[in-house]
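Could you look at this predicted model? Sequence included:
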There are 2 protein chains.
Amino acid sequence: MNPQEHLEQRGTFRMTVFEEEYFQGKSCEFRFECQNILERDFRKIRSIKVENGPWVGYEYPEFQGQQFILEKGDYPCYQAWSGNSSYRTEHMLSFRPIKCANHSDSKITLYECEDFMGRKFEMCEDYPSLQAMGWCSKEVPSIKVNTGAWVGYQFPGYRGYQYIFERDRHGQGEYRCYNEYGTQAHTNQIQSMRRIQQ
Amino acid sequence: MNPQEHLEQRGTFRMTVFEEEYFQGKSCEFRFECQNILERDFRKIRSIKVENGPWVGYEYPEFQGQQFILEKGDYPCYQAWSGNSSYRTEHMLSFRPIKCANHSDSKITLYECEDFMGRKFEMCEDYPSLQAMGWCSKEVPSIKVNTGAWVGYQFPGYRGYQYIFERDRHGQGEYRCYNEYGTQAHTNQIQSMRRIQQ
């Protein structure tokens, strides 16, 4: 594949959803966002193939509820995209592409308090443990995305609830308090964080 | 903290395990490996604080069964370390520190076939989707760790079964076929992979 072709392919978002596990049953290919899979006459999504990503899936219609980052690859069952096994939901009812900046040019700033107050920390890399990097808390009260798209996780090692943080989608990338992280966010607990790759 | 103190702290592995969720009940601090927590008069581990890592936990005594990477941070319940919600195990009965190389000096080689045959791919970075990087399969039949310690995952985005790959522990870092990946490995499916950080 020459660089131009690679570039074009990168620009084309594509994923296929299936009504049954292991890519069985009724299927539908998407290249753009879907606000409500139920309106497409699907009862449920039980497996997914992401041909070109990244995408983000949501528990409820219109991009509400738990978030699921979906990068290129095979997801044969809902456990493959739901990183959280304590709150078991089998719903993924809406999804949309994630527009990323250049992966090597991503930057995010974490703040010790809400409204971008207190000490801050700038990150340009993936951190499976924020505490190992020097962040002294298991919580992140407010966040500014300077460039790119990021995903934060409740537990170390990229586990538990997932929260997508984007420069281009949410204001100017400003998340003033944890209930702006997502409609399912019950705490500001974030213990690992990484860039979203194209 | 000055650089020397930081270096010394990095060298000291330390984690505390608790018999109840949310860091309650009987506890015990470890600085070295533990082959069988049952012999320490623990019935079960229900929460963990990793003060200095990384560690790897195992489902069964003597480092057998499912593997769980444990980096610095709080794990208030077993779901926080078990990335796999399809096969629910609440057991973590043995654990040991992971000796890492310098994080910026990690290298691993993936092979298209068993016994290091076929096309190969060298990696020095974290990849939440091997397929997005150009790996054409959802499987990795054999692996050589050139330097450092790595963790591979069944699904994209660092989800599902976890497999630790180490240069210093397993022969010369040579994993000839998938049943050398771990005693619970039932397939060679690996769709994401990252370096283990100190």
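Cool, the structure landed.

mind listing what A:Tyr158 touches?
For A:Tyr158, the contacting residues are A:Gly83, A:Pro128, A:Val151, A:Ser192, A:Arg194, B:Gly157, B:Tyr158, B:Arg159, by CB atoms under 8 Å, 6 or more residues apart in numbering or on different chains. Using the backbone N, CA and C atoms, a C-beta is placed for each residue, glycine as well.

Give the burial count for the last one, as a bare number.
The burial metric for B:Arg159, expressed as a neighbour count using other CB atoms under 10 Å in any protein chain shown, is 27.

State the distance from it to B:Lys120.
For B:Arg159, the distance to B:Lys120 (CB to CB, to the nearest Å) stands at 25 Å.

Tell me the residues of chain A that contact chain B?
The interface of chain A toward chain B, taken as CB under 8 Å from any CB of the partner chain, is made up of A:50, A:53, A:69-75, A:77, A:79-86, A:88, A:126-132, A:138, A:154-160, A:191-192, A:194, A:196-198.

Take those and keep only those in helices.
For the residues of chain A next to chain B, membership in helices holds for A:Leu130, A:Gln131, A:Ala132, with DSSP state H as the criterion.

re earlier: Serialize the contacts of A:Tyr158 to TSV and add fields for distance to B:Glu114.
Written out in TSV, the entries for the contacts of A:Tyr158 read as follows (distance: CB to CB, whole Å):
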residue	distance to B:Glu114
A:Gly83	30
A:Pro128	29
A:Val151	34
A:Ser192	33
A:Arg194	31
B:Gly157	26
B:Tyr158	25
B:Arg159	25
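
can I see the domain layout of chain A?
When chain A is parsed with automatic domain parsing, its domains come out as A:3-97, A:103-195.

For the helix or strand in which A:Cys28 is found, list every residue counted as buried.
For A:Cys28, the element it lies in under DSSP states H and E is strand A:24-30. Buried residues in strand A:24-30, counted by 16 or more other CB atoms under 10 Å in any protein chain shown: A:Ser27, A:Phe30.

For it, the averaged confidence score.
Averaged across strand A:24-30, pLDDT comes to 96.

in its sheet, what does that strand sit against?
The pairing partners recorded for strand A:24-30 under DSSP bridges are strand A:14-20 (antiparallel).

what does the partner strand contact?
Outside strand A:14-20, the residues that touch it by CB under 8 Å, 6+ apart are A:23-31, A:37, A:42-53, A:55, A:70, A:95.

Repeat that for stretch A:118-130.
By CB under 8 Å, 6+ apart, the residues outside stretch A:118-130 that reach it are A:106-112, A:133-135, A:140-141, A:146, A:156-158, A:190-195, B:53, B:71-73, B:126, B:194, B:196-197.

let's see 7 Å
Under the contact criterion CB atoms under 7 Å, 6 or more residues apart in numbering or on different chains, stretch A:118-130 has outside partners A:106-112, A:133, A:135, A:156-158, A:190-195, B:71-73, B:126, B:197.

ditto for stretch A:65-76
In this structure, residues lying in contact with stretch A:65-76 by CB under 7 Å, 6+ apart are A:15, A:21-23, A:47-50, A:52-59, A:81-82, A:89, A:92, A:151, A:161-164, A:182-184, A:196-197, B:128-129, B:131-132, B:138, B:155-157, B:191.

Okay, and which of those map to strands?
Using DSSP state E to define strands, the subset of the contacts of stretch A:65-76 located there is A:15, A:47-50, A:52, A:55-59, A:151, A:161-164, B:155.

So A:Arg167 sits against A:Gly148, correct?
Yes - in this structure A:Arg167 lies within contact range of A:Gly148 using CB atoms under 7 Å: 6.3 Å.

nearest spatial neighbour of the residue nearest to the spatial centre of chain A, skipping sequence neighbours?
The C-alpha lying nearest the average C-alpha coordinate of chain A belongs to A:Ile69 (CA atoms, centre = their mean; 3.5 Å). Excluding the flanking residues, the one nearest A:Ile69 by CB to CB, 6 or more residues apart in numbering or on different chains is A:Val151, at 5.0 Å.

What is the burial count for that neighbour?
With neighbours defined by other CB under 10 Å, the count for A:Val151 comes to 27.

cool, A:His170 as well?
By the criterion of other CB under 10 Å, A:His170 has 15 neighbours.

Could you give the backbone dihedrals for the closest residue to it other than its chain neighbours?
The shortest distance from A:His170 to any residue that is not its chain neighbour, by CB to CB, 6+ apart, is 7.2 Å, and that residue is A:Glu180. According to degrees, to the nearest 10, the main-chain angles of A:Glu180 amount to phi -90, psi -10.

got the contact list for the nearest residue to A:Gln198 once chain neighbours are set aside?
Setting aside the residues directly before and after it, A:Gln198 is nearest to A:Cys100 in space (CB to CB, 6+ apart), at 4.8 Å. Residues touching A:Cys100, when contacts are defined by CB under 7 Å, 6+ apart, comprise A:Pro54, A:Gly148, A:Ala149, A:Ile196, A:Gln198.

Is A:Cys100 part of a helix or strand, or is it coil?
Of the three states, A:Cys100 takes coil under DSSP: H, G, I helix; E, B strand; the rest coil.

That one and chain B, how far apart?
The gap separating A:Cys100 from chain B is 11 Å, by CB to the nearest CB, to the nearest Å.

next one: A:Asp168
Between A:Asp168 and chain B the distance is 20 Å, computed by CB to the nearest CB.

In space, what's closest to A:Tyr60 - neighbours in sequence excluded?
Spatially, and ignoring its direct neighbours in sequence, A:Tyr60 is nearest to A:Leu93 (5.5 Å; CB to CB, 6+ apart).

Need the nearest residue in space to A:Glu166, chain neighbours excluded.
In this structure, A:Glu166 finds its nearest non-sequential neighbour in A:Ala149, 4.7 Å apart by CB to CB, 6+ apart.

shouldn't the one you found be in contact with A:Pro97?
No - the pair formed by A:Ala149 and A:Pro97 falls short of the contact definition of CB under 7 Å, at 10.5 Å.

So for the two, which residue has more residues nearby?
Neighbours were counted for A:Ala149 and for A:Pro97 using other CB under 10 Å; A:Ala149 has more, 26 against 19.

do you know how far that one is from A:Gln67?
Looking at A:Ala149 against A:Gln67, where the rule is CB to CB, the gap reads 12 Å.
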